[in-house]
Structure formats: structure tokens, C-alpha cells
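1. Fold the following and give me the result.
(chains A, B and C)
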Amino acid sequence: MGIVKASRLVHEYIRRDEEGNVESIQTALDGLDFDVKAGDFIAVLGHNGSGKSTLAKHINALLLPSGGTLWVDGKDTSDSGNVSAVRRQAGMVFQNPDNQIIGSVVEEDVGFGPENLGIPSEEIWIRVEESLKSVGMLRYRSHSPNRLSGGQKQRVAIAGILSMEPKCIVLDEPTAMLDPSGRQEVLEAVHALNRQKGITVLWITHYMEEVVHADVVYVMDQGRIVMQGKPREIFSRVEELREHRLDVPQITLLAHELNQAGLAVGEGTLTREELKDALVRLYGSRA
Amino acid sequence: MSIILDKVDYVYSADSAYEIRALNKISLTIEDGAFIGIIGHTGSGKSTLIQHLNGLLKATSGGIYFNGRDIYEPDYDLSRLRMQVGLVFQYPEHQLFATTVFDDVCFGPMNQGLDKNEAGLRAFEALKNVGMAEEVYYQSPFHLSGGQKRRVAIAGVLAMKPEVLILDEPTAGLDPKGRDEILDLIADMHQKLGITVILVSHSMEDVAKYVQRIIVMNDGSVLYDGTPKEVFSHYRELEAVSLAAPQVTYLMHELRAAGIVADDGATTVEEAKESILKAFGRKGSV
Amino acid sequence: MIRDITIGQYYPADSVIHRLDPRVKLMGALLYMVSLFLFQGLAGLLLITVFLAACIGLSKVPLSYMVRGLRAIVALLVFTSVFHLFLTPGEHVLFRFGIVSITMEGVANAVFMLFRLIYLIVGTSIMTLATTPNALTDGLEKALRPLEKIRVPVHAIAMMMSIALRFIPILIEEVDLIMKAQMARGADFENGSLIKRVKNMIPLLVPLFVSAFRRADDLAMAMEARCYVGGAGRTKMKPLRYAKRDYVAYLILAAYLAGVIALRAV
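-> Numbering: from 1, shown residues only, chains lettered A, B, ... in the order given. Presented below is the predicted three-dimensional model:
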């Protein structure tokens, strides 16, 4: 069993009227099956309302399954005795950087999680320092979060999770409210954590450019995983992605269009260099 | 009919230790009916700039002329200017407040002094223009999806029949399909309604596809101002201020360096495809 | 104008005042307030001025930062001093115009009142500027700990306070933004009768509340995700322990208050 494993996971949002009768049932997760290998960088793609945020909240036991089972580090999240252990193992970073920073000083915020876990003060200091260092925010430790840029705030939020020493981090659209440079800075910080500390990452997004370097991509639509594979495999299925309200990066799209027009540059091109090399090769072998 | 900015300076907290020069001698002419993109990263002054165009912020020095009149003249009606130059803020759906979609869109026209009937007509027209289905007009705006809320909020500004429509990051937080829908809608309004549109964005790729002119802001100044092709030809300089040109621009430059294509000016996927196929001696359109 | 409110804003600096235990600073602020209402005469005012100046100097917070907080209450300052100027009865009439008269006592009262208010704002803002809101609530939490015995939810109150303090600047910015956005739709927040003005606030207040609730919801979830389950079993990153300088500060405070009281008799 991998670090996060779902078996026929279902989540239903049930709306009731004043008398408590069921008014409507909306199925946000519709029988998910997946198994995440420890140490992987998983990208979860999906349009708004595809169920990806609901999935994220399950991994942190903020929501519990209406059906099926979810295990985090081998622990069933629906067992109320596991909640604290699950949250400790699978940290969560949310979309809005302002609404998840509790402390008024960067280092105090990073210390919030360990405080809740009852870690002794001396060790909290060590963890805070280390966490801030690994996201490159140590020199802002005594700053107010209000003065930081969006990307910096998200890195503080990530440090706040790291200080709890999780095995896995779930990031629910962490870049949706950031500008391109902030987006890049957060993505790089998380990739570094994945590489250097071996932390499993579930990166949820609808920006296609961000999933290029993931190990595995899940595409979600209507509460199901509709596509799964390496970025290159996923990106070669341009038309299918469009059906799921997604698109592909410019370069992938251009390669796809050239293929369609009969210029065989290969599907699923991820980077500019790849496309350039393919074109140079083709040009050279031209009769 | 145009907006002219003449050496506009704007300084936050002037004469204190926290003084920030947000705009530095900005001179621009915005022609009637233009479709312009303003690009710059956070803190480049682009939000400050657009708030000058409708008089929400007053320049520390310099002048702004709307349709030939100095908006800083004491008898100039600034509240009217705000309606002639409609400004849609970032995440505009956060400003919805009324009990129904319809009432919310009526807010602007009612503030213009129109009576209920006329304001209602305006609201109908605006909601139709943003592609909202009639059955939601009398629902609470808070129950709509994110993309729909944003359309309603845009309609709220559109209902004032502005001559100029400015949108600050209208696609922020939307998924790819939602983003394309909103951008198509804006392009459509520019064409159909004939209004001047100014689109503020972080994304070169979005903007390149739609606008005729790009203004690049950096550090409170205009760094470049021209057609997408002209602006992106400075891709190296753009990189230096951490603003990348679209990926295809880089590719085309590399292909030209490799002797494959003759023209490296493509800024969109379509243009790039055309010129690559041409280089390979194939027909452009499929 | 909204941006001028400095209460709840922390000014990071490395000073003796910053390092003091928050309980000392809370007690200090309290005693200082008491002293402002106890003092009489110029000698007392002088002692308070010296004390305040010393605190400002030690805190390393620029004076301009504290004075900014005064801008928000200029109206109150003017009103209070005018009130005292005209309505203090006294024997030494300086000026009379119909039923309005200005007396020597009135002038003195107005001046003292003005000093009291300005000193009050500046003095208490030293405490908030030189103490992180978290330290402040920690101090309060620890100082009020005995009340937990009578079922007062001290931890919950302290947590609420620190969150409120953290979000005040964010909400202030939000008010600014919503106001601008509604002004761009022709809203008018400045003119009209009182009733009309109150009505005009709806387009500001509804979005503000919606946003505040959304933030509260997000924050509650983020706290839960970080294993927050209330005060039980928590440790502190910065536990409060008195250092030598804190005892010294208590002694200085006691001497200061005694001085103010002693000078009353002069």
C-alpha cells in the first residue's frame, strides 16, 4: 500500500431543507481508486468544480468518506482515532495565502502546528528554523506576513506544514491567486522539498505548465479520475484534455497542431528545447 | 475622443519615510476604440495606473485629459467620469451585494440617476451581453458558480454603458476553459459594442492573442508600448525584468537562429504554426 | 484615513521594550493609564512626559509612527478640548461673549485634557507597536489564567483576540478595495443625509461580511488541518518566563506611579 490509497472513495454533499429532509445530493467524488507511491510528485488536474478540492480535504481528514475508504500512511481516515495522526502525516496548503496564516509574525505562524502537537519549546525553535530555511524564508522570520508577496506567504504556509514533519503535503491550488513569478517560486520550492526530503506531494492545479515535471498526473472530472499517466502521455491527448475543460501549454499545443498538419514532431512535447530539436532534425532530413 | 496622460506621477505617502513612487512620468494616449493590454508584475504600477484613468486616484503631478478635457479642473464631474470609464476590479465577484443578480446589475445605472425602468433595460442588455441565461436574473448572485459571478460583476459595470472598459486581471482564478470564455467575451464586446477595452494581465500569452497594443509597465514607468510583435521582439529585456514573452516567441527566435524560419515575429500558436509550415514548404491552413 | 489606525500594528525592532515580558507591558500600560488620570499639576505632567519620552526612546519605534495613530482621532481631540474650554466654570474669566465664556480654569482643563488623550493614544500604541499581537494575547492569557477556574474560556478568548488582530489590517485593506470598486459603479459614500448615507453603506457592508465569513471559514479549516483542537495539550514556542529586566521594569513602574501620586500633593 502506498502512502495515500483510495478504494471506491465517494463523497456526497447533501443539502437538507429546514425539516431535515434531503433536498439534493451532489456527488463530488464518485468512486475514486488510486494509490500514491511514497516520494512521488503527483499533479492533480481538473477544472473548477471537478472534485479536486474535495479530494484534498479527504486526505487531511477535513472531510470523511460517504462511501469507500481512504488510507493515509496505512491509517483509515474514517476512524476517528486516526484523525490527529492523519493530519500530522499529510499537511495541507490552501489556495488563499492570507486565510491560512494564523500568526502575526512569520516564525510564530510556523510554530503554530508544532505547538498544537505539544512539541517542547526548544524543539519547536529548531523545527521552525529548519522549515523556514528549506523554503528560503529564514531571513523573513521576524516579519509580519502582511508585508510579504503572495509567493512568500505561500512559502510561509508551506513552512508551517513542514514544521509538523509530515510525510506528505497536499497543496490545493496553491498558485491560483499568485502572479507568474510567485507561481514559479512556490512550485520550485515544493519540487525541492520533494527531491531533497523525499516528501510525497499532491499538487492540485488547473495550470498545465505546473504539471510538466510531475511524476504522475491525475486528471479529474465529475468526481472521477478520467486520465492518469506521465505528463508526456497526458499531454499527448490534447483533444481529450479539452473535453475536460483543460488545455495544454503553448508549446505542446503548437507541436500538436504541427502533427495534425502532417509535420511529425511527436505528440506530448513538453518543452521548447524538445520541439526545437525535433524541428531541426526534421529540417535536416528534409530531402 | 481619447484619454491622454501627460507626465503623470503618483507618490504614495508623500513626504514620509514610506514614500513610494508608484507612477513615474507616465505619458500615454489611449485612442477611441482601441484594444490594449497592460502587462507588468505585481507592484509595477499597473493597478495604480488604471485607477487614475477613472479618477479614483489623483495624480501627484501631471495631467489627464478625457475627450479633450482636463479631469483635474475644479468643475470637472469626476463621478460622471467613473461611469464613462468603467473599471472592473480584480475578483469583481467579491463586490456583489444585492439580493438578486438583476438588482446588483441595476446598481450602477441607478447611481447614474436613471429611473427604475431605464436602469432595468440597461441591466437586461448588459446581462445578455455577458451571456447570462434569463432564468438566473432573479436568483441570488451568491449561489452562482465562480465564473458566472464574474460575468454578473462585469455586467454591473457594463450596464453603465461606459465608453472605456478597463478590466484588472479578469481571468484570475478561473480554469482554462473559464479563462478562454471570459477573454472571448471581452473580445466580442470590444467588437460588437465598439468600446475601448483595456485589459490588465500578468499573462503575455493571453494578451498576445487578443489585443492590438501592449503597454509593458515596470517600476512605475512604461517600459515598452507597441504591437505584440514589437513588444515581444524585446524578449531578452523582458526577461531581465522577470516578464517572459510567450513561449512561441522564444521558439521562433531559436528556429530563426537555426536557419529554419525567416520570420521570427510570431506571437501566437497560430502564427507560429503558419510560419513553421511555410518553412517546411507545406500549406499553412489545414 | 482608515490606514492611519496604528492599533494592532506591530513594528519590528530590537529594543528593550520589545524584549520585555508582555505581562509587564500590559501591566505597564494599565498603570500608565491610571497615572494619566491621577496626575495633577505641571510637575506631574512633566514626570509623565519624561516617562513617555523614555519609553518611546527605548522602544526604537519612530515617533512619526505613533503620531500617525492620532490622525484618526483629531475630531475627538478637537471636540474634547473645545468642550472643556467653554464649559469649565471658573473665576478667572478671560473672555466673555453672551453666555459663552472662557475661563482660566477652562484653558488649563482643555490643555490637560488634550495632553491626557494624546499621551493615552501614544503611550498605549507603544505597547501594541512593540509587542507582537501573539505575545500580547499570550500575556493576557497567562495573566488571566486564574479565571479558568471559574469557567472563563481564557484560551479561546486569547486566540480570538490574536486572530482578530491579525485580520484587522487585511480587512481594512478590503474595505478600501470594496469602496473603490463600488465608487467605480457610481456609489457615493460621502454625501447625502444621514439616513441616505447609512443606506449607501449596504454595498460596502454586505461584501465585507461575506468576505469575513469566507475568511473565517477558510481559517477554521486551516487551523484544523494543522491539528488545532483548542488549548488542551498545547505547548508554546515562546513560553513566558520573567527575566531580570522584567523585575527591574516592575520596580521602575512602581516608582513611577508612586512619583505621580507624590507629585499630586505638591
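
2. how about stretch C:215-230, does it get close to chain B?
-> No. On the criterion Cβ under 8 Å from any Cβ of the partner chain, stretch C:215-230 is out of touch with chain B, staying 11.2 Å away. Using the backbone N, CA and C atoms, a C-beta is placed for each residue, glycine as well.

3. Please pull up the helix or strand immediately following the longest strand along chain A.
-> Ranked by residue count and defined by DSSP state E, the top strand of chain A is strand A:22-36. Moving toward the C-terminus from strand A:22-36, the next helix or strand (DSSP states H and E) is strand A:41-46.

4. how far off strand A:22-36 does that next one point, in degrees?
-> Compare the direction of strand A:41-46 with that of strand A:22-36 by axes from the mean of the first three to the mean of the last three Cα atoms, to 10 degrees and you get 150 degrees.

5. Contacts for strand A:41-46, please.
-> By Cβ atoms under 8 Å, 6 or more residues apart in numbering or on different chains, the residues outside strand A:41-46 that reach it are A:36, A:52, A:55-56, A:191, A:194, A:200-206, A:208, A:210-211, A:213-221, A:231, A:234, A:244, A:246, B:175.

6. Tell me which entries of these lie within helices.
-> A:52, A:55, A:56, A:191, A:194, A:231, A:234 (DSSP state H).

7. burial count for the closest residue to residue A:254 other than its chain neighbours?
-> Distance criterion Cβ to Cβ, 6 or more residues apart in numbering or on different chains; nearest residue to residue A:254, sequence neighbours excluded, is residue B:269 at 5.0 Å. Residues lying near residue B:269 (other Cβ atoms under 10 Å in any protein chain shown) number 23.

8. residue contacts, residue C:249?
-> C:20, C:24, C:28 are the contacts of residue C:249 under Cβ under 8 Å, 6+ apart.

9. And the second one, what's its pLDDT?
-> The reference is to residue C:24. Residue C:24 is assigned a pLDDT of 94 by the prediction.

10. Output the contacting helices and strands for the longest strand of chain A.
-> Applying 3 or more Cβ pairs under 8 Å, 6 or more residues apart in numbering or on different chains; DSSP states H and E, we find strand A:22-36 packed against strand A:4-16, helix A:52-59, strand A:67-72, strand A:224-229.

11. Check the average confidence over it, would you?
-> 92.

12. List the neighbouring strands of that strand plus their orientation.
-> The sheet places strand A:22-36 alongside strand A:4-16 (antiparallel), with pairing taken from DSSP bridges.

13. Please state the offset of the strand it pairs with from the chain centre?
-> Centroid displacement of strand A:4-16 relative to its chain, using Cα atoms, centre = their mean, to the nearest Å, is 19 Å.

14. Repeat that for stretch C:179-191.
-> With Cα atoms, centre = their mean as the basis, stretch C:179-191 stands 30 Å off its chain's centre.

15. Alpha carbons of that stretch, as CSV, please.
-> This file holds the C-alpha atoms of stretch C:179-191, laid out as CSV (Å, rounded to 0.1, in the frame of the first residue of the first chain):
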residue,chain,number,x,y,z
MET,C,179,-15.2,51.1,-1.5
LYS,C,180,-13.2,51.9,-4.6
ALA,C,181,-15.0,49.1,-6.6
GLN,C,182,-18.4,50.4,-5.6
MET,C,183,-17.3,54.0,-6.3
ALA,C,184,-16.4,52.8,-9.8
ARG,C,185,-20.0,51.9,-10.1
GLY,C,186,-21.1,55.3,-9.0
ALA,C,187,-21.6,54.7,-5.3
ASP,C,188,-21.4,57.7,-3.1
PHE,C,189,-20.1,57.3,0.5
GLU,C,190,-19.6,60.9,1.3
ASN,C,191,-22.7,63.0,0.5
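
16. can you give me the mean pLDDT across it?
-> In this model, stretch C:179-191 carries a mean pLDDT of 89.

17. residue ranges of the helices in the stretch 51-200 of chain C, please?
-> Under the criterion DSSP state H, counting those that start in this stretch, helices of the stretch 51-200 of chain C are mapped to C:63-71, C:74-87, C:104-130, C:133-144, C:154-183, C:194-200.

18. Just tell me which of those helices ends up closest to residue A:105.
-> Closest of the helices of the stretch 51-200 of chain C to residue A:105 is helix C:133-144, at 6.8 Å (criterion: Cβ to Cβ).

19. And the contacts of that closest one?
-> Contacts for helix C:133-144 (Cβ under 8 Å, 6+ apart): A:103-105, A:108, C:8, C:10, C:21-23, C:25-26, C:127-128, C:131, C:152, C:154-155, C:157-159, C:161-162, C:165-166, C:236, C:238, C:240.

20. gap between it and the chain center?
-> The answer for helix C:133-144 is 15 Å, by Cα atoms, centre = their mean.

21. Would you mind giving the orientation angle of that helix with respect to helix C:154-183?
-> With the same axes, to 10 degrees applied, the angle from helix C:133-144 to helix C:154-183 works out at 140 degrees.
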